[in-house]
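Trainee: Quick one, fold the following:
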Amino acid sequence: MAMALGRRLWLIVGALLLLTAVLVYVSSRGATARVAVADVVRENLSAVVSTNGKVEPVSPASFRATFPTFVDQVDAVEGQQVKKGQPIFTLDDKAISADLAQARADLAEQEDALRVAKAGGRADQVAKTAADLKKAQASLDQIRRENESLTKLVAQKAATPQELEQNQLMLTQAEADVQSLQKAKATQVQQAQVDSERIAILAERAQTQVRDLEGKVALARGTAPMDGTLYSLPVRKGDFVKEGDLLAEVADLHHVRVRAFIDEPELGLVESDQPVEILWDAHPERTWTGRTETVPKQVVTRGTRNVGELLCSVSNADLDLIPNTTVDVRIHISERPNVLAVPRGAVYIEGDARFVFRVEKGRLHRRYIKVGIANPTMIEVLSGLNQGDTVALPGDVSLKENLRIVPVRQE
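Mentor: Residues are numbered from 1 along each chain as shown. Sure thing, here's the model as predicted:
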């Protein structure tokens, strides 16, 4: 009885093992995986560098407060089109205008003083000194003539030595008076020259102050310097502004530029005059076009990225692109027409090699390929595949050599 039971158990175990083997065999030969596939096709392919950027006006005109004051009047609205000379804002300039009036008065005083100094001094003082010197010189000449006459008379005993001595004393005093007045005149001329140099410096400073205040007063009334868009107007009537605060920004926005941030490994791909596409989330249906202009000359740190800043000129005929907005940038590096291409996701990397899983009679087989340019979705195949071949795409199933699949084509 026990032997019969043991034999029966062995038969059951054997049957289970046989059933397992059959299932494994059937499984190995059956279609067990549904895998997405794609055909190798020919298409026009463009290599693209995708990044982000910032919209900037090309030649903006900015207004900043040049002195602390209040905003007296605002005559425009942010975003509106303005004409050259159109009023935008007015600042309270009463205090600065009073400073300007005082500075002009000070300048006039310094200019008068400079004219006096250049003329040798005050006119009345110069005239008095000249008249005194002329009078003293005339007196000296007269006494000298008298001295010569007395000397002859004393020799002829026609005059006394005492008269000659008295005349000699007068001659000495007259010569001293002339020398004193000549020295005073020379000192007066020298002082006038020193005063002229000193006052010239003061007058120049006064002129600089007047020009500075005139500029500030002129900028208290902001007018559009060109036809364009008033794209920034952060002030309102009654606001207090400090020196340096931004008041308004105007630019012709029909042509803008985009500062694109190119990651360091891709800098070698960009050149000037390459086609550019600009996309903005605020207008997902729109695409703006342009060209690259200034190629980066240095790498800077921007957040966690090392980037070069590439400037791109962009046409903005409808004025939809607004300065300081963040946009997506696509730079077309190169274009190749009618090339073999496969989805980038189908290509695997193995060291320096590239391979795909080609579908052959319901099974996957590894095929090594050489690749060319690529865009965000497709990559060029230079060799290893033919048009019409089918390759597997990655998905939930782990792809491997000789895997039997059910191909699923994506719509």
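Trainee: what bridges to residue 368?
Mentor: According to DSSP bridges, the residues that bridge with residue 368 are residue 355.
Trainee: go on, the one 10 residues further on?
Mentor: In this structure, residue 378 bridges to residue 343 when assessed by DSSP bridges.
Trainee: So it sits against residue 45, correct?
Mentor: Yes: when contacts are counted by C-beta atoms under 8 Å, residue 378 is listed as touching residue 45 (6.1 Å). Every residue, glycine included, has its C-beta placed from N, CA and C.
Trainee: what touches both of the two?
Mentor: residue 341 (C-beta atoms under 8 Å, 6 or more residues apart in numbering).
Trainee: Nearest residue to the middle of the protein?
Mentor: Compute the mean C-alpha point of the chain, and by C-alpha atoms, centre = their mean the closest residue is residue 56, 9.3 Å away.
Trainee: how about the nearest residue to it once chain neighbours are set aside, what does it touch?
Mentor: Leaving aside its chain neighbours, residue 56 sits nearest to residue 257 (5.3 Å; criterion: C-beta to C-beta, 6 or more residues apart in numbering). Shown in contact with residue 257 (C-beta under 8 Å, 6+ apart): 55, 56, 57, 58, 293, 311, 312, 313, 314.
Trainee: The last one: helix or strand, and which one exactly?
Mentor: Right, residue 314. Under the criterion of DSSP states H and E, residue 314 resides in strand 305-315.
Trainee: Which residues does that strand contact?
Mentor: Contacts of strand 305-315 (C-beta under 8 Å, 6+ apart): 53, 55, 58, 254-264, 267, 270, 276, 278, 288-300, 321, 329, 331.
Trainee: How is the protein partitioned into domains?
Mentor: The record's domain parsing of the chain by automatic domain parsing lists 61-92+220-249, 94-206.
Trainee: can you give me the end-to-end distance of the first one?
Mentor: Read it as domain 61-92+220-249. 6 Å (C-alpha to C-alpha, to the nearest Å).
Trainee: tell me the mean pLDDT for that domain?
Mentor: Average pLDDT, domain 61-92+220-249: 95.
Trainee: Pull the distance from that domain to the chain's centre.
Mentor: Distance of domain 61-92+220-249 from its chain centroid, counting by C-alpha atoms, centre = their mean, to the nearest Å, is 21 Å.
Trainee: The longest one too?
Mentor: With C-alpha atoms, centre = their mean as the basis, the distance from the averaged C-alpha position of domain 94-206 to the chain average is 63 Å.
Trainee: quick check: mean pLDDT across the host helix or strand of the residue nearest to residue 56?
Mentor: Assigned by DSSP H and E, residue 257 belongs to strand 255-263. Strand 255-263 comes out with an average pLDDT of 93.
Trainee: Name the strands paired with it and say parallel or antiparallel.
Mentor: Here, using DSSP bridges, strand 255-263 pairs with strand 41-57 (antiparallel), strand 305-315 (antiparallel).
Trainee: Would you mark the buried spots in the last one?
Mentor: Looking back up the chat, that one is strand 305-315. 307, 308, 309, 310, 311, 312, 313, 314 (16 or more other C-beta atoms under 10 Å).
Trainee: which helices and strands does the helix or strand containing residue 98 pack with?
Mentor: Using DSSP H and E, residue 98 sits within helix 94-118. Helices and strands touching helix 94-118, by 3 or more C-beta pairs under 8 Å, 6 or more residues apart in numbering; DSSP states H and E, are helix 161-219.
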